[in-house]
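In: Dropping the sequence and predicted coords here.
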Amino acid sequence: MLHEHMRRCKEAGYRTLILTVDCQTAGNRERDFYNGFSFPLKMTPARMLDGILHPSWTWSYLTSPTYRFPNIEGSVIGEDADMSSVVTWFGQQLDCSFTWDDAEKLIAAWDGPMIIKGLASAEDAKIAADIGAAAVVVSNHGGRQLDQAPSPLKVLPEVADAVGDRLEVLVDSGFRRGTDVIKALALGARAVLVGRPYLYGLAAGGEAGVARAIELLQAEIARNMALMGLKSISDITPDCLHKNS
């Protein structure tokens, strides 16, 4: 199934593949349990009241087209699959038996740049470089998987020092402001990945909302660099940070 996805990605023109390795099983997301989050959605009195108090959102939800999943429908799930079947399918893809040998075989099969996302140690980053990864993403999956996992910013410098001359070092998890991006670049990241900011924009305003979220991040980065006396991204170095002893 995985190789079928890779074939379809190649045919669609994608050049780089990202392999996420820190979600081999579902995390214990207690907030979901607390909020009664489930598939299919259960209509509780509290949820009904919430819908009544937000009539415009409820009307939009009820009258909008059904969510579709074009990247997998028709190939691994039926054309009429609903969210519940998609969640079930996704859960079946989680694999705790996946190894570095498997990752190396995928890199060879892809025959192009592959990024390994979800590493949190210099030793793992070295292995990723040894098996031919083009980049790694230092990440703790947004803090939603392993409780007490280290902050990516804490391990980023050691990863960058260990493999920064062998592959690209990227980072994600919890980046919301322009200053967050500047800190990561100063600690050795080549680039910063953001998830929730653009998803918030998408939920609020569609494509225009995503563009607005990106504009806000760009403006914050440019403003903060100007306030720091920096003219270009290359000027962002560890010296920009004040480290508490």
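Out: Thanks, I have it. No experiment lies behind these values; they were computed from the predicted model shown.
In: who does whichever strand in the chain runs longest pair up with?
Out: The residue-count maximum for a strand in the chain (DSSP state E) belongs to strand 114-119. Strand 114-119 pairs in its sheet with strand 17-20 (parallel), strand 135-138 (parallel), by DSSP bridges.
In: Residues touching the last one, excluding its own?
Out: The one in question is strand 135-138. Strand 135-138 is contacted from outside by 18, 113, 115-120, 124-125, 128-129, 152, 155-156, 159, 163, 167-172, 189-190, 193, using C-beta atoms under 8 Å, 6 or more residues apart in numbering. C-betas here are computed from N, CA, C, even on glycine.
In: Report the buried members of the residues you listed.
Out: 113, 115-120, 124-125, 128-129, 152, 155-156, 159, 163, 167-172, 189, 193 (16 or more other C-beta atoms under 10 Å).
In: Show me the shaky parts of this structure.
Out: Applying pLDDT under 70 to the chain picks out residues 1, 39-40, 73-82, 244-245.
In: May I ask you to name the longest helix in it?
Out: Longest helix in the chain, counting residues (DSSP state H): helix 196-228.
In: Return the list of helices and strands in contact with it.
Out: helix 178-186 (3 or more C-beta pairs under 8 Å, 6 or more residues apart in numbering; DSSP states H and E).
In: how about the helix it packs on: buried residues?
Out: Residues of helix 178-186 classed as buried by neighbour count (16+ other C-beta under 10 Å): 178, 180-186.
In: can you put those residues in JSON lines and add distance to Pro197?
Out: Below are the buried residues of helix 178-186 laid out as JSON lines (distance: C-beta to C-beta, whole Å):
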{"residue": "Gly178", "distance to Pro197": "11"}
{"residue": "Asp180", "distance to Pro197": "10"}
{"residue": "Val181", "distance to Pro197": "11"}
{"residue": "Ile182", "distance to Pro197": "15"}
{"residue": "Lys183", "distance to Pro197": "16"}
{"residue": "Ala184", "distance to Pro197": "14"}
{"residue": "Leu185", "distance to Pro197": "17"}
{"residue": "Ala186", "distance to Pro197": "20"}
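In: and which of these is nearest to Ala133?
Out: Ala184 (19.4 Å; C-beta to C-beta).
In: picking that back up, give me the residues contacting the longest strand of the chain.
Out: Under C-beta under 8 Å, 6+ apart, the answer for strand 114-119 is 16-23, 103, 106-107, 125, 128, 132-139, 141, 159, 168, 170, 172.
In: next one: stretch 33-52
Out: Counting by C-beta under 8 Å, 6+ apart, 31-32, 57-58, 82-84, 87 sit against stretch 33-52.
In: State the pair within those that is farthest apart.
Out: Arg31 and Asp82 (23.6 Å).
In: re earlier: now intersect the contacts of stretch 33-52 with the helices, please.
Out: Going by DSSP H, the helices hold 31-32, 57-58, 83-84, 87 from the contacts of stretch 33-52.
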